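# mind folding the following:
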Amino acid sequence: MNDRTSGPARAEREELARLLPAPAERDLPPGRHLHHKESLMQLIDQDGDRATARPRPRLLRPAVLLPAAGLALGGVLFTTLAVTGQDETPRTAATATAPRGAAVLLDRIATVASKSDAIEVGDGQFVYVRTLQAGNEGKFGGPVKLGKPGEREVWMTQKSGPVIDEGLIHEDGRYYPITVGVPDGEKPIGYPAGLNRPTYTWLASLPTDPDALLRRLAGEITADQDARNTPAGERDPDQDAFDAIGELLRETLMPPRTAAALYKAAARIPGVSVDPDAVDAAGRHGIGVARDNTSAGWRTAWVFDAKSLEYLGERSYLIRDSSMGRKGTVTGRSAVLERAVVDSLREKPSTKA
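Below is the predicted model of the structure:
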């Protein structure tokens, strides 16, 4: 590949090369790691002089209410914001930033995302997402036993007002209603559209300024943790934000401007890095945008196609030896296969008139 960069741009290119970690899996074909490293180098080359003329964005992550394993209890799925960590005060762009290599990659992903087509979603419609998911089937606290990827379909209501019946999951040959869960004897209170029920319209209403978006997400995450009495010492706003964004990417239909803003906001999270060869649940190789959850002992990477920069899925793996397994053990994978808008529950895009 011809080196068309010079000065600061070349320094940035060399820095990214140093940042690229070795792949966690040992079954990758020879040369695959080099291929994706070259793809990343090309992204920086394409940025040209622009890469040094403006500040780098950085990365973050909102949350969807659907647990990866599809937790069902008596046919009722309890939908909660899946966030982990510590700390109380969100950091600002002035004090926290992802490594430059990750910021460059996220900037390019944001640009691509902003050029996709916006759609209209009616209040009475449903967002349909079909995925492959492979999760840990081992005993709690014991070694990870990664299950085979299984197909999962989700229909999420797009009603803006509070709802009790949020949608439907089809998994393992069964349908599970997504319903607000409450203790026995108590009256359920509907969820409005928001971080715990992210409709297309709500997502489109979010700020597109990365800093404002981070503050908005931090406020909603904190409110959720306060409601669940999460101790301040168990909070990590950086990890919470990354996890929240990743959940939103997985099982929603994202407005283009919001997707771009989320990627740019994500680049503002310290600790975000690049996985040069990440594999989703469908076996598709791509470039990963990752962050280590040091308290939990694993890394989560969002997987993007190396050429188109389209979001493919997600994978997680251990970053140190533990009771769950040896360092590098894959603990979970997902892959997005299809997203669409349909008019009713159980309707599929292929059957939509």
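# could I get the buried residue list for the helix or strand containing residue 220?
If you go by DSSP states H and E, residue 220 is part of helix 210-227. Neighbour counts over helix 210-227 (16 or more other Cβ atoms under 10 Å) mark 210, 213-214, 216-218, 220-222, 224-225 as buried. To be clear about C-beta, it is placed using only N, CA and C from the backbone, and glycine gets the same treatment.
# any chance of those residues in CSV, plus distance to residue 301?
Shown next, in CSV, are the buried residues of helix 210-227 (distance: Cβ to Cβ, whole Å):
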residue, distance to residue 301
210, 21
213, 21
214, 21
216, 25
217, 20
218, 23
220, 24
221, 21
222, 26
224, 24
225, 24
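# can you redo the residues you listed as CSV with distance to residue 150 and pLDDT?
Formatted as CSV, the buried residues of helix 210-227 follow (distance: Cβ to Cβ, whole Å; pLDDT from 0 to 100):
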residue, distance to residue 150, pLDDT
210, 35, 96
213, 33, 97
214, 34, 95
216, 34, 96
217, 30, 96
218, 34, 95
220, 31, 93
221, 29, 94
222, 34, 92
224, 29, 88
225, 31, 90
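# between those, which is closest to residue 309?
residue 210 (18.0 Å; Cβ to Cβ).
# for the closest residue in space to residue 192 that isn't next to it in sequence, the count of nearby residues, please.
In this structure, residue 192 finds its nearest non-sequential neighbour in residue 162, 4.7 Å apart by Cβ to Cβ, 6 or more residues apart in numbering. Neighbours of residue 162 under the rule other Cβ atoms under 10 Å: 14.
# I figured residue 162 hits residue 190, correct?
Yes - using Cβ atoms under 8 Å, residue 162 is in contact with residue 190, at 3.1 Å.
# low-scoring stretches of the stretch 101-250 of the chain, by residue?
By pLDDT under 70, the low-scoring segments of the stretch 101-250 of the chain are 183.
# hmm, back to that, what helices or strands is the helix holding residue 220 leaning on?
Here helix 210-227 touches helix 237-250, helix 256-266, going by 3 or more Cβ pairs under 8 Å, 6 or more residues apart in numbering; DSSP states H and E.
# burial count for residue 118?
12.
# what of residue 190?
13.
# how about residue 282?
Applying other Cβ under 10 Å, I find that residue 282 has 17 neighbouring residues.
# do residue 341 as well
18.
# now for it: which residues touch it?
The contact partners of residue 341, taken as Cβ atoms under 8 Å, 6 or more residues apart in numbering, are 119, 121, 125-128, 200, 253.
# the host helix or strand of it to helix 237-250, inter-axis angle?
Per DSSP H and E, residue 341 falls inside strand 330-342. Strand 330-342 and helix 237-250 are oriented at 50 degrees to each other (axes from the mean of the first three to the mean of the last three Cα atoms, to 10 degrees).
# what strands flank strand 330-342, and is each parallel or antiparallel?
strand 126-134 (antiparallel), strand 311-318 (antiparallel) (DSSP bridges).
# in a markdown table, list the ones you listed along with mean neighbour count.
Shown next, in a markdown table, are those (neighbours: other Cβ atoms under 10 Å):
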| stretch | mean neighbour count |
| --- | --- |
| strand 126-134 | 22 |
| strand 311-318 | 24 |
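# distance to residue 231 for these - can I get that in CSV?
Output for these, formatted as CSV (distance: least, Cβ to Cβ, whole Å):
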stretch, distance to residue 231
strand 126-134, 30
strand 311-318, 24
